[in-house]
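K.L.:
how does the following fold in three dimensions:
(chains A and B)
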2 protein chains.
Amino acid sequence: MEIKNINVVKIGGNVIDDPTALYEFVRLFSNLEGPKILVHGGGKEATRLSKEMGIETTMIEGRRVTDRATLDIVTMTYAGLINKRIVAMLQAEGCNALGFSGADGNIIKATRRPAAPIDYGFVGDIDPKDVNDILIRILLEAGITPVICAICHDGNGTLLNCNADSVASAIAIGASRIAPTVLTYCFEKAGVLANVDDENSVIPLVTKENFKTLKDDGIIAKGMIPKLTNALDSASKGVKEVRICKAENLLNNTGTIIR
Amino acid sequence: MEIKNINVVKIGGNVIDDPTALYEFVRLFSNLEGPKILVHGGGKEATRLSKEMGIETTMIEGRRVTDRATLDIVTMTYAGLINKRIVAMLQAEGCNALGFSGADGNIIKATRRPAAPIDYGFVGDIDPKDVNDILIRILLEAGITPVICAICHDGNGTLLNCNADSVASAIAIGASRIAPTVLTYCFEKAGVLANVDDENSVIPLVTKENFKTLKDDGIIAKGMIPKLTNALDSASKGVKEVRICKAENLLNNTGTIIR
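P.N.:
Next up, the predicted model:
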């Protein structure tokens, strides 16, 4: 199968935590035509499991501090439970999904984050150059849909907990080396909103130019800043188009475009 | 890469539960030349996790009764923690491992076991015809080593807990459709022993013919009966050679041959 274009889609915890929303999403995703890749986040399952096992969850600036016990928990939850659930659901919809951690087929190598200024433990960062596009091409040509969680490895036997938005961005940049790639971030809002309480205030286009103004004016704040930084970074590194939208709008063209 | 022969190796819980033994095994396995596939069992991690989460473990005739909560536990443990640990270790040894549940790439489909006479819950049985040898060929040709756990799917979105020996047997039969295949079961003894207390009493060859006698004489008993039944079944369905040996003897030719 010749690859003319690739869709990379990222879903987050809000969809994963809601069985009905997840099923609806899987149904839409399986209807997306052509070669495609799904990247998924974690959801609340890891925190719930940690609690049941008496392991304390520490978050710093929205990031999970990952000691050895927590690494086991997130590996079990993201690479095991959630990944296999999604893969089995996609298979039932006729989509030939194949689940991945970054270690599998060395699809993404990560680098452990330095312990200073904040020691996040077994947490990794990704360079898009370390995405294995040779393997991705083989899989897509075979009609396979990679389903990738954010557990990566350092290549020396250690697994590392990574940020799913960054994994999606790196995968999309890697996929762009194969064919023109569109990256879609699905999240809980209709797009980047000018007024966070108004779903009708979607900002249609964010560019490097207006991003600064939107930040300075306080319209884009908090969690949207790293999300848009990731998106702009992807766009500047070869991804044809980045879109942020609601999961249920995956197949229509609503939301915010980032170029 | 042209595929001239394939090695399928199965390791069980005794190796998985011992970090040193697992590391040693991974090092040996990565030195096995040519296309290869690893199938792994579960170990005690699932039982330990169930206990910590207050979920009761019920075993009937050595098989785990798998209700919904237990299915989640074994999926997390086998397809998540253990599978990714092994994959990361193999990657560090320069072996391009890629982890699988049966759902991934639909590599093995299973059928849920009937609820009578014993209701094992989400437990599946495998027909070797349901092994996806087309995908296995693509992976082996690409220099990839599949690492397969015994969590399969029914193709309709449900994961099923299967027996790892049966998965190894089915995979080896499926691989035999690609190239001559040797199946090696690694376990805690030096082979099938005539005297269970004497490691020097390895029976060199078991065939359909002497199996009956060995059973009738009580030399082969208990857990060895299903293991050898699986092995003989594989041999009768196209697997070139089946061997049962100690994990540490993987690279030498000791142990019991089943033909």
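
K.L.:
when you work out contacts or count neighbours from here on, use the C-alpha atoms and nothing else.
P.N.:
Fine.

K.L.:
does any part of stretch A:57-74 sit near chain B?
P.N.:
Yes: applying C-alpha under 8 Å from any C-alpha of the partner chain, one finds stretch A:57-74 in contact with chain B at A:Asp72.

K.L.:
which residue is the nearest non-sequential neighbour of the residue in the stretch 1-150 of chain A positioned nearest to chain B?
P.N.:
Of the residues in the stretch 1-150 of chain A, the one nearest chain B is A:Gly80, at a distance of 3.6 Å by C-alpha to the nearest C-alpha. Counting by C-alpha to C-alpha, 6 or more residues apart in numbering or on different chains, A:Gly80 lies nearest to B:Gly80, which is 3.6 Å off, once chain neighbours are set aside.

K.L.:
who is A:Thr145 paired with across the strands?
P.N.:
The partner list for A:Thr145 in beta bridges (DSSP bridges) reads A:Ala97.

K.L.:
can you give me the neighbour number for it?
P.N.:
In terms of burial, A:Thr145 registers 26 neighbours under the definition other C-alpha atoms under 10 Å in any protein chain shown.

K.L.:
what does A:Val206 give?
P.N.:
20.

K.L.:
now do the contacts for it.
P.N.:
Contacts for A:Val206 (C-alpha atoms under 8 Å, 6 or more residues apart in numbering or on different chains) come out as A:Thr256, A:Ile257, A:Ile258, A:Arg259.

K.L.:
A:Ala164: which of those is nearest?
P.N.:
If you rank the contacts of A:Val206 by distance to A:Ala164 using C-alpha to C-alpha, A:Ile258 comes first, at 18.1 Å.

K.L.:
so that closest one makes contact with A:Leu205?
P.N.:
Yes: using C-alpha atoms under 8 Å, A:Ile258 and A:Leu205 qualify as a contacting pair, with a distance of 5.8 Å.

K.L.:
show me which of the two is the more surrounded one.
P.N.:
Taking neighbours as other C-alpha under 10 Å, A:Ile258 and A:Leu205 compare with A:Ile258 leading, 25 against 15.

K.L.:
list the buried residues of stretch A:246-255.
P.N.:
Neighbour counts over stretch A:246-255 (16 or more other C-alpha atoms under 10 Å in any protein chain shown) mark A:Lys246, A:Ala247, A:Glu248, A:Asn249, A:Leu250, A:Thr254, A:Gly255 as buried.

K.L.:
so what's the last one up against?
P.N.:
If you count contacts by C-alpha under 8 Å, 6+ apart, A:Gly255 has them with A:Ala190, A:Gly191, A:Val192, A:Val202, A:Ile203, A:Pro204, A:Arg243, A:Ile244, A:Cys245, A:Lys246.

K.L.:
strands - which of those residues land there?
P.N.:
In strands, defined here by DSSP state E, the members of the contacts of A:Gly255 are A:Arg243, A:Ile244, A:Cys245, A:Lys246.

K.L.:
and the last one, what is it in contact with?
P.N.:
Counting by C-alpha under 8 Å, 6+ apart, A:Lys246 touches A:Cys186, A:Phe187, A:Glu188, A:Lys189, A:Ala190, A:Gly191, A:Gly255.

K.L.:
hmm, back to that, can you list the contacts of A:Gly255 in a markdown table and add pLDDT?
P.N.:
Formatted as a markdown table, the entries for those read as follows, by pLDDT from 0 to 100:
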| residue | pLDDT |
| --- | --- |
| A:Ala190 | 95 |
| A:Gly191 | 95 |
| A:Val192 | 94 |
| A:Val202 | 97 |
| A:Ile203 | 97 |
| A:Pro204 | 97 |
| A:Arg243 | 97 |
| A:Ile244 | 97 |
| A:Cys245 | 96 |
| A:Lys246 | 95 |
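
K.L.:
chain B: which of those residues is nearest?
P.N.:
Chain B has its nearest neighbour among those in A:Lys246, at 24.2 Å by C-alpha to the nearest C-alpha.

K.L.:
tell me what the closest one is bridged to.
P.N.:
Beta-bridge pairing of A:Lys246, defined through DSSP bridges, involves A:Phe187.

K.L.:
residues near A:Met59, how many?
P.N.:
Residue crowding around A:Met59 was assessed by other C-alpha under 10 Å; the count is 11.

K.L.:
dump the residue contacts of the nearest residue to it once chain neighbours are set aside.
P.N.:
Leaving aside its sequence neighbours, A:Met59 sits nearest to A:Val65 (C-alpha to C-alpha, 6+ apart; 5.8 Å). Contacts for A:Val65 (C-alpha under 8 Å, 6+ apart) come out as A:Thr57, A:Thr58, A:Met59, A:Asp119, A:Tyr120, A:Gly121, A:Phe122, A:Val123.

K.L.:
give me the sheet partners of the helix or strand of chain A with the lowest mean pLDDT and which way each runs.
P.N.:
Taking all helices and strands of chain A together, the one with the lowest average confidence (mean pLDDT, DSSP states H and E) is strand A:63-64, at a mean of 83. Taking DSSP bridges as the criterion, strand A:63-64 pairs within the sheet with strand A:59-60 (antiparallel).

K.L.:
distance from the chain centre to the partner strand, please.
P.N.:
Distance, stretch centre to chain centre, for strand A:59-60: 19 Å (C-alpha atoms, centre = their mean, to the nearest Å).

K.L.:
repeat for stretch A:95-109
P.N.:
For stretch A:95-109, the distance from its own C-alpha centre to the chain's C-alpha centre is 13 Å (C-alpha atoms, centre = their mean).

K.L.:
stretch A:62-72 now?
P.N.:
So, by C-alpha atoms, centre = their mean, the centroid of stretch A:62-72 is 18 Å from its chain's centroid.

K.L.:
try stretch A:150-162
P.N.:
16 Å.

K.L.:
still on that earlier bit, counting neighbours, what do you get for the residue of the stretch 1-150 of chain A closest to chain B?
P.N.:
Here the neighbour count serves as a burial measure; for A:Gly80 (other C-alpha under 10 Å) it reads 30.

K.L.:
show only the entries of the contacts of A:Val65 found in strands.
P.N.:
Among these, the residues falling in strands (DSSP E) are A:Met59.

K.L.:
select only the buried ones of the contacts of A:Val65 in ChimeraX?
P.N.:
Selecting in ChimeraX just the buried members of the contacts of A:Val65, where the criterion is 16+ other C-alpha under 10 Å, is done with this command:
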select /A:120,121,122,123
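
K.L.:
of all the contacts of A:Val65, which comes closest to B:Ala150?
P.N.:
So of the contacts of A:Val65, ranked by how close each gets to B:Ala150 (C-alpha to C-alpha), first place is A:Phe122, at 27.6 Å.

K.L.:
and stretch A:29-44, anywhere near chain B?
P.N.:
No: for stretch A:29-44 and chain B, the contact criterion (C-alpha under 8 Å from any C-alpha) is not met; the two come no nearer than 13.2 Å.

K.L.:
list the buried ones in that stretch?
P.N.:
Buried residues in stretch A:29-44, counted by 16+ other C-alpha under 10 Å: A:Phe29, A:Ser30, A:Pro35, A:Lys36, A:Ile37, A:Leu38, A:Val39, A:His40, A:Gly41, A:Gly42, A:Gly43.

K.L.:
my read is that the fifth one contacts A:Leu139, right?
P.N.:
No: between A:Ile37 and A:Leu139 there is no contact under C-alpha under 8 Å: 10.1 Å.

K.L.:
relative to A:Val202, how far out is A:Thr145?
P.N.:
30 Å (C-alpha to C-alpha, to the nearest Å).

K.L.:
for A:Gly121, that is, sorry about that
P.N.:
From A:Gly121 across to A:Val202, the span is 37 Å (C-alpha to C-alpha).
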